[in-house]
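>>> pasted the sequence and its predicted model underneath.
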Amino acid sequence: MYQPLTAPIADSLGLSALVAAIPLLVVFVLLGVLRVKAHWAGLSGLAAALLIAVLGYGMPTGYALLSAGQGAAFGLLPIVWIVLTAIWLYQLTVRSGRFEDLRAAFALLSPDPRIQAMVIAFCFGGLLEALAGFGAPVAITGMMLVAIGFPPLRAAVTVLLAKTAPVAFGALSTPIIAAGELTGIPYEHIGAVVGRQTPLLALLVPVLLVLVVDGWRGVRQTWPAALVTGLAFALAQFACANYVSVPLTDIISALVGAVALLVLLRFWQPAGSAEARAELTGATTDDTREARLSAGRILLSLFPYLLVIAVFSVVKLWGAAEDALAATDVEIPWPGLDGHLLTASGEPSDSTVFTLSWLSTPGSLLLLCGVGVALVYRIKPAEALAEFGRTVVTMRWSGLTIISVLALAYVMNQSGQTTTIGTAIAGIGPAFAFLSPVLGWLGVAITGSDTSANALFSSLQQVAAEKVGVDPSLLVAANTSGGVMGKMISPQNLAIVATAVGLAGGEATILRSVLKWSVGLLLVLCALVFLQSNVLSWMLPR
């Protein structure tokens, strides 16, 4: 039986936290500074985590290796499976020749690529985040931006930045519901607090998207669209989280943001669209076909993505369908590990059961969508299978990256390294309110999941809040809100988006491009949470 210690290194919490952070430092230094390939960075971080677990925390070698194996299994299914099927779905569109029609269809909405980025990355990505979550939104929207002519790096940075606003309420608010279950605080109350934090991010993100896509020229020329989209999304997010339905927040916010933008475009168009289109995507009026595009071709070009929305909406919003799929899940107590691990508080760990979601995972639903696309596009089964095989080959290194990073996360979690880091940060006293979102940010950076970050740190945030005299729901919500900025720098998400946009091996370049946005938005949220703990406490629901 293994029970992790919070301060195993010389009985010093601070020193133990520094040692526990080494695997993360290894990954980020190798990726961001030394520019080592992502799969080698992930494997090196995993090796460091294993050594620290065994030598520093006294975890039996067998348990450490089994923890890595469980993490690798989770990395393979559902994470790699989701990305694999999302890319295959897109490749079927390319195989059919429909991606040029897709490009022309979006040009009918607006020929301006800066507007298209808001529609695809922010609004459509937010809707996908509400329904699917995991890595599907960045994979699908990243490929769509590349399809309409965006350079791969710009597409990757755009979709990662856009994914900040909706993540807290992603997958029908699963992160918030998980936090409620772990802390005993009603998830509706946590969601209401999050709905008074993340709308600030939603207001800023469309402006930042335009800045990423076209610099200050883009901001000057398209700020009305960015402001209207962000404001509509933010107001809808606040209203829905507080007064309508926490699980439906992202769906309603994404739709309201998109409708507000479309209404604005009926009366206003940005200046410089032709120049921006030529410079940013290489397209001109002469080489597009929107003028000759029939309604049928528009529908067919959008069919894969409309099908994704339809399938996920049915599954997520129709309880009977979701329950039927969930009933096929197989819970597997991890051999050699289940029943042998305790938490730091001495309770039996429930993290040693692996759930094989072979049918309910978004990856399997995307596979179903891919089969539907192949049938509608009249792609022969042999061609579809060959495309699937080519996608597997393309993903081999990024898949290894994802698997190694999830193995690292499980070793850190089950050996106690993650708890040590969180406890050290929580022990700084009243100033913890400012750093509270950093815990969520770190949790998502490690695991790639806001739900997992809440599973790690929600209870810790609650206890720390009670010790420093702050409303526990504020800091539990801050953990969720802070996690959304960690998505941008999570090695798992970097590998997903790099593969999706065709930059396999370019994770280090993407990391350097998004790090400033991740840290900058995190500091904004830290300041807001700190103020909400004192002078702005009136913002919190009663």
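Nice, I can see it. Just so it is clear, the model here is predicted, and its values are computed rather than measured. Numbering: from 1, shown residues only.
>>> drop to CA atoms for contacts and neighbour counts, all remaining ones
Noted.
>>> pull the CA atoms of stretch 75-82 into PDB?
The C-alpha atoms that make up stretch 75-82 are tabulated as PDB, following Å, rounded to 0.1, in the frame of the first residue of the first chain:
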ATOM      1  CA  GLY A  75      -3.700   9.100 -23.700                       C
ATOM      2  CA  LEU A  76      -4.400   6.500 -26.400                       C
ATOM      3  CA  LEU A  77      -8.100   6.200 -25.700                       C
ATOM      4  CA  PRO A  78      -9.800   8.700 -25.700                       C
ATOM      5  CA  ILE A  79      -7.300  11.400 -26.500                       C
ATOM      6  CA  VAL A  80      -5.300  10.100 -29.500                       C
ATOM      7  CA  TRP A  81      -8.500   8.400 -30.800                       C
ATOM      8  CA  ILE A  82     -10.300  11.700 -30.800                       C
END
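>>> now it: how far from the chain's centre is it?
The chain centre lies 14 Å from the centre of stretch 75-82; the measure is CA atoms, centre = their mean, to the nearest Å.
>>> need the residues that contact that stretch.
134-136, 356-358, 361-364, 366, 399, 402-407 (CA atoms under 8 Å, 6 or more residues apart in numbering).
>>> low-confidence ranges, this protein, go.
For the chain, the stretches flagged by pLDDT under 70 are 132-134, 283-292.
>>> mind listing which of the contacts of stretch 75-82 are in strands?
Using DSSP state E, L356 are the members of the contacts of stretch 75-82 that sit in strands.
>>> which of the contacts of stretch 75-82 are buried, as a PyMOL select command?
Buried residues among the contacts of stretch 75-82 (16 or more other CA atoms under 10 Å), as a PyMOL selection:
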select buried, resi 134+135+136+356+357+358+361+362+363+364+366+399+402+403+404+405+406+407
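>>> now F457: how far from A344?
With distances taken as CA to CA, to the nearest Å, F457 is found 13 Å from A344.
>>> quickly list what's touching both of these two.
By CA under 8 Å, 6+ apart, the residues touching both F457 and A344 are T419.
>>> which one of these two has more residues nearby?
Counted by other CA atoms under 10 Å, F457 and A344 do not tie: F457 has more neighbours, with 25 against 18.
>>> now do the phi/psi pair for the nearest residue to L264 once chain neighbours are set aside.
Nearest residue to L264 in three dimensions, chain neighbours excluded: A225, at 7.2 Å (CA to CA, 6 or more residues apart in numbering). Per-residue torsions, A225: phi -70, psi -40 (degrees, to the nearest 10).
>>> for this structure, what spans make up the strands?
330-333, 353-356.
>>> contact partners of the first one?
Looking back up the chat, that one is strand 330-333. Identification of contacts with strand 330-333 by CA under 8 Å, 6+ apart yields 352-357.
>>> quick one: these as TSV, columns for distance to T198 too.
TSV is the format used below for the contacts of strand 330-333 (distance: CA to CA, whole Å):
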residue	distance to T198
T352	32
V353	32
F354	32
T355	31
L356	32
S357	30
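>>> from those residues, which is closest to F388?
The closest of the contacts of strand 330-333 to F388 turns out to be S357 (CA to CA; 20.6 Å).
>>> tally of neighbours for the nearest residue in space to the closest one that is not next to it in sequence?
Closest residue to S357 apart from its sequence neighbours, by CA to CA, 6+ apart: D329 at 4.7 Å. Using other CA under 10 Å, D329 has 15 neighbouring residues.
>>> residues in contact with D329?
D329 neighbours (CA under 8 Å, 6+ apart): 355-360.
>>> just L359 next, same as before
L359 makes contacts with 325-326, 328-329, 365, as judged by CA under 8 Å, 6+ apart.
>>> M118 is nearest to which of the strands of the chain?
Here strand 353-356 is closest among these (CA to CA), at 35.5 Å.
>>> F99 against G149, yeah?
No. Assessed by CA atoms under 8 Å, F99 is found out of contact with G149, at 10.4 Å.
>>> what about G69, how many residues nearby?
Using other CA under 10 Å, G69 is surrounded by 20 other residues.
>>> where's it relative to P206, distance?
Distance from G69 to P206, by CA to CA: 40 Å.
>>> and for Q116?
Taking CA to CA as the measure, Q116 falls 11 Å from P206.
>>> ok, G319 next?
For G319, the distance to P206 - CA to CA - is 33 Å.
>>> the more surrounded of these two?
The neighbour count for G319 versus P206, taken as other CA under 10 Å, is higher for P206 (34 against 10).
>>> what segments of the stretch 101-250 of the chain are helices?
113-117, 125-131, 136-147, 152-162, 170-183, 187-194, 198-239, 249-267 (DSSP state H, counting those that start in this stretch).
>>> reformat these as JSON lines; add distance to G483.
Below are the helices of the stretch 101-250 of the chain laid out as JSON lines (distance: least, CA to CA, whole Å):
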{"stretch": "helix 113-117", "distance to G483": "23"}
{"stretch": "helix 125-131", "distance to G483": "14"}
{"stretch": "helix 136-147", "distance to G483": "16"}
{"stretch": "helix 152-162", "distance to G483": "13"}
{"stretch": "helix 170-183", "distance to G483": "10"}
{"stretch": "helix 187-194", "distance to G483": "11"}
{"stretch": "helix 198-239", "distance to G483": "11"}
{"stretch": "helix 249-267", "distance to G483": "16"}
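>>> could you identify which of the ones you listed is most buried?
The highest mean neighbour count among the helices of the stretch 101-250 of the chain, using mean count of other CA atoms under 10 Å, belongs to helix 125-131: a mean of 29.
>>> packing partners of it?
If you count contacts as 3 or more CA pairs under 8 Å, 6 or more residues apart in numbering; DSSP states H and E, helix 125-131 packs onto helix 136-147, helix 170-183, helix 249-267, helix 295-317.
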